[in-house]
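In: Sharing a sequence plus its predicted fold:
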Amino acid sequence: MQRFLILPLAVAFAICALGQGKYQPPTGPAPRMADGKPDLSGVWQRPYVPDMTKTGPNQQGMAELPFTEWGAQQWKNYHAEEGDYAGACLPFGLPRSMNSPEPLQLMQNSKYVTLMFEQNTWYHVFPIDGRPHRDQTTWFGDSVGHWDGDTLVVETVNFNGKTRLDTIGHPHSDQLHMTQRFTRTDLGHMAYEVTIDDPKTFTKPWKNTRTFTLRTDWELMEYSCEENNKSLWEGRIKVPKY
Amino acid sequence: MKKRLFAVLMGLCAASGAVWAHHSFAAEFDGNKAIKLEGTLTKLEWANPHIWLYLDVKDASGAVAKWQCEGGAPNGLTRNGWSKDSIKSGDQVMVEGWLAKDGSRTCSARSVKMPDGHRIFAGSSNPDAKE
């Protein structure tokens, strides 16, 4: 009898382990680039954060958001069924892309860092060589990075204000100043902190902290948001009016 | 016995699955209107941003109604061990999920169960989904 159990058990656990939970990231010290800076590159598994007020595995949220009067009105009056820009496959923007469920691949050299989001096959590239922000308003905002010791600090401004912070739809304005801190604590992990500073929407800056896990067993896959977005074509999701 | 044990294990495996969403659940679906559908799969669309399952569901009188249900993104489902070949037209399935707000025969699938209890394709966009 035992013989008959071994195979299905092994197959089931192998498939289960392949998909979830059993993966163990590599161990060892954080690697470095030839110039001595930490090497942050890799395919990273991040906690999906549909709601930045919530705390969960590898995610510390901000339970009570410090809304200004304007911000509270934006939140109160948001109804996704009246217009859902992400559902319409418009660009998520940097905050919501960082909160997205699919993996992130990070690549860098001494001048640039690129965040490659599997979500909708978007990328965000920015300089880390001391250049100032460009005077250009965009969906993802304009980023510049610098090293603070072994932490990469990414400052992003010039958002167009048409995006939301997270899937549930917390608001921000075009005055958003987003600060991200990436620290590779060891070979298999990245400490991540994001600070939302938007004086039009919030009375004070607030943050989330997370841990990312290196996935040596994953590669980015193509993700075409437009390919089969039948909810939009059939009218159940509406394009917002800006 | 083997088949049943395998199904139970895969069910447990799926039970810890994640939710993958590209859009707001509330834009399209009503989390207060849960639904359970039992029927025959007529088509599976395995494409981003969501897979779609098409079902023929018979009522008590034998009349067939055509339903469509949205699942997770193929990318996340693939990483959880599923593929477009995990289910095929003609399979009898039970879908549990939530109705669309527009009143059409459309749902967001929380889970899809095969007749042996083997659960596949979890991945509703509902953030409250208990996977």
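Out: Sure thing, it's come through.

In: What about the nearest residue to residue A:197 once chain neighbours are set aside, how many residues nearby?
Out: Using CB to CB, 6 or more residues apart in numbering or on different chains and skipping residues adjacent in sequence, the residue nearest residue A:197 is residue A:205, 4.0 Å away. Heads up, the C-betas are built off the backbone N, CA and C, glycines and all. Residue A:205 has 13 neighbouring residues, counting by other CB atoms under 10 Å in any protein chain shown.

In: Could you tell me which residues make contact with residue A:205?
Out: By CB atoms under 8 Å, 6 or more residues apart in numbering or on different chains, the contact list for residue A:205 reads A:195, A:196, A:197.

In: From the residues you listed, list the buried ones, please.
Out: Buried subset of the contacts of residue A:205 (neighbour count, 16 or more other CB atoms under 10 Å in any protein chain shown): A:196, A:197.

In: any idea which of the contacts of residue A:205 is the one closest to residue A:126?
Out: residue A:195 (16.7 Å; CB to CB).

In: helix, strand or coil for the closest one?
Out: Under DSSP: H, G, I helix; E, B strand; the rest coil, residue A:195 falls in the strand class.

In: Quick check: bridge partners of it?
Out: Per DSSP bridges, the residues bridged to residue A:195 are residue A:179, residue A:207.

In: any idea of the pLDDT on it?
Out: We have a pLDDT of 99 for residue A:195.

In: wait, it sits on residue A:207?
Out: Yes. Residue A:195 is within contact range of residue A:207, at 4.4 Å (criterion: CB atoms under 8 Å).

In: What strand or helix carries residue A:147?
Out: Residue A:147 belongs to strand A:142-148 when assigned by DSSP states H and E.

In: tell me what whichever helix or strand comes after that strand is packed against?
Out: Counting by DSSP H and E, the next helix or strand C-terminal to strand A:142-148 is strand A:151-157. With contacts taken as 3 or more CB pairs under 8 Å, 6 or more residues apart in numbering or on different chains; DSSP states H and E, strand A:151-157 sits against strand A:142-148, strand A:177-186.

In: could I get the longest one in PDB with only the CA atoms?
Out: Okay, so that is strand A:177-186. Provided in PDB are the C-alpha atoms of strand A:177-186 (Å, rounded to 0.1, in the frame of the first residue of the first chain):
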ATOM      1  CA  HIS A 177       6.700  63.300  -3.700                       C
ATOM      2  CA  MET A 178       7.400  59.600  -3.300                       C
ATOM      3  CA  THR A 179      10.500  58.400  -1.700                       C
ATOM      4  CA  GLN A 180      11.600  54.700  -1.900                       C
ATOM      5  CA  ARG A 181      14.500  53.100   0.000                       C
ATOM      6  CA  PHE A 182      15.900  49.800  -1.300                       C
ATOM      7  CA  THR A 183      18.300  48.000   1.000                       C
ATOM      8  CA  ARG A 184      19.600  44.500   0.100                       C
ATOM      9  CA  THR A 185      19.900  43.000   3.500                       C
ATOM     10  CA  ASP A 186      21.300  39.700   2.300                       C
END
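
In: quick check: mean pLDDT across stretch B:56-72?
Out: The pLDDT scores in stretch B:56-72 average 95.

In: Pull it out as PDB, backbone CA atoms only.
Out: Extracted C-alpha coordinates of stretch B:56-72, given in PDB (Å, rounded to 0.1, in the frame of the first residue of the first chain):
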ATOM      1  CA  ASP B  56     -23.300  26.100 -19.800                       C
ATOM      2  CA  VAL B  57     -25.400  25.900 -16.600                       C
ATOM      3  CA  LYS B  58     -28.700  24.000 -16.500                       C
ATOM      4  CA  ASP B  59     -31.600  25.000 -14.300                       C
ATOM      5  CA  ALA B  60     -34.100  22.700 -12.700                       C
ATOM      6  CA  SER B  61     -36.200  22.600 -15.900                       C
ATOM      7  CA  GLY B  62     -33.200  21.600 -18.000                       C
ATOM      8  CA  ALA B  63     -32.900  25.000 -19.700                       C
ATOM      9  CA  VAL B  64     -29.300  26.000 -20.400                       C
ATOM     10  CA  ALA B  65     -27.900  29.400 -19.500                       C
ATOM     11  CA  LYS B  66     -24.600  30.600 -20.700                       C
ATOM     12  CA  TRP B  67     -22.300  32.100 -18.100                       C
ATOM     13  CA  GLN B  68     -18.800  33.700 -18.100                       C
ATOM     14  CA  CYS B  69     -16.500  33.900 -15.200                       C
ATOM     15  CA  GLU B  70     -13.200  35.800 -14.700                       C
ATOM     16  CA  GLY B  71     -10.300  34.200 -13.000                       C
ATOM     17  CA  GLY B  72      -6.800  35.300 -12.100                       C
END
